[in-house]
Each structure stands twice: as C-alpha cells, then as structure tokens.
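Enquirer: Quick one: sequence and predicted model below, then my questions.
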Amino acid sequence: MAEASNMIAASPEVDRYLDGLPTDLAGTLARLRDGIRGVAPAGAVENIKWNGPNYALDGVDRVTVGTDPRGKVRIVMHRGVKIVDSEGFSFEDDTGLVRWAAADRGVIALDPAEIDAHRDEIVVLIERWLRL
C-alpha cells in the first residue's frame, strides 16, 4: 500500500462526518478511509455524497462508503450515477466479499469488526476498481 505522503487530500467534510459517528464505528471508517486515500490514483477527490465518504475520479463517483440501518458498513463500488453500458465489463473479486447489484455495481456490507478483519483485502479491491 502507498505511503502516507502519497495519499490523496483529506476532505474536511469527511472529517466532520467521522466526528459525528460513535467512536468505534468512526475508528473503523477512519482506518478504511486511510487505506482508500493511500491507494487512490492522483487526482481522486474525497467528498461526502449519499450521506457518506465518496471517492471520485474525473468527476465520476467511483466508491461510496457509509453505514446502513443494521449497523453494517456499506461500500459501493460503482461507475458513476448514470447508467453505463456494462456489455463486456468484468471485475474479478477473488475475495468473495462483493455482492453484485449489477454487472458494474458491487456492494460490500459487513459488520465493522469484519471490515477491520478484511481491511487489506477491501483496500486492494478498491485500488483495482479505481484503476479501471
């Protein structure tokens, strides 16, 4: 994974979002955030969208993180808001963590402890996703 000096800029919006969460959940999301910021390509932007941290490239939302009503951490890997032709598109998930809502929209939903346990695998998946 990338060194801290290679991380994309932190968003004050995301800082405030994390400050508003319970300590344990904020810690899990902060660790995940650091991993994502460390592997995101130059030019990626961190912001808040859909009530959670979001990572965009060239103005296209690619990864959105949040929590669901059951207390799970939800990571959505997508190719933007608009429908994109997914014919011929594929992405290999060798971890089995991703549930595919569409051919090009994957969701990981795990308890915070599971997110921590699988953090490195998740960050590698996100790094590959952001480089598509």
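Expert: Structure's in. What do you need? Numbering: from 1, shown residues only.
Enquirer: and the longest helix for the protein?
Expert: helix 23-39 (DSSP state H).
Enquirer: how about the strands in this protein?
Expert: Assigned by DSSP state E, the strands in the chain fall at 45-49, 52-57, 60-67, 73-77, 99-102, 105-110.
Enquirer: want to try a markdown table for the ones you listed, with distance to residue 23, mean neighbour count and mean pLDDT as columns?
Expert: From N, CA and C alone the C-beta is placed, and that goes for glycine too. Output for the strands of the chain, formatted as a markdown table (distance: least, CB to CB, whole Å; neighbours: other CB atoms under 10 Å; pLDDT from 0 to 100):
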| stretch | distance to residue 23 | mean neighbour count | mean pLDDT |
| --- | --- | --- | --- |
| strand 45-49 | 20 | 16 | 97 |
| strand 52-57 | 17 | 21 | 97 |
| strand 60-67 | 14 | 19 | 96 |
| strand 73-77 | 15 | 22 | 97 |
| strand 99-102 | 28 | 12 | 91 |
| strand 105-110 | 19 | 18 | 96 |
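Enquirer: mind putting those strands in CSV, distance to residue 89 included?
Expert: As requested, those are exported to CSV (distance: least, CB to CB, whole Å):
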stretch, distance to residue 89
strand 45-49, 22
strand 52-57, 16
strand 60-67, 14
strand 73-77, 12
strand 99-102, 10
strand 105-110, 10
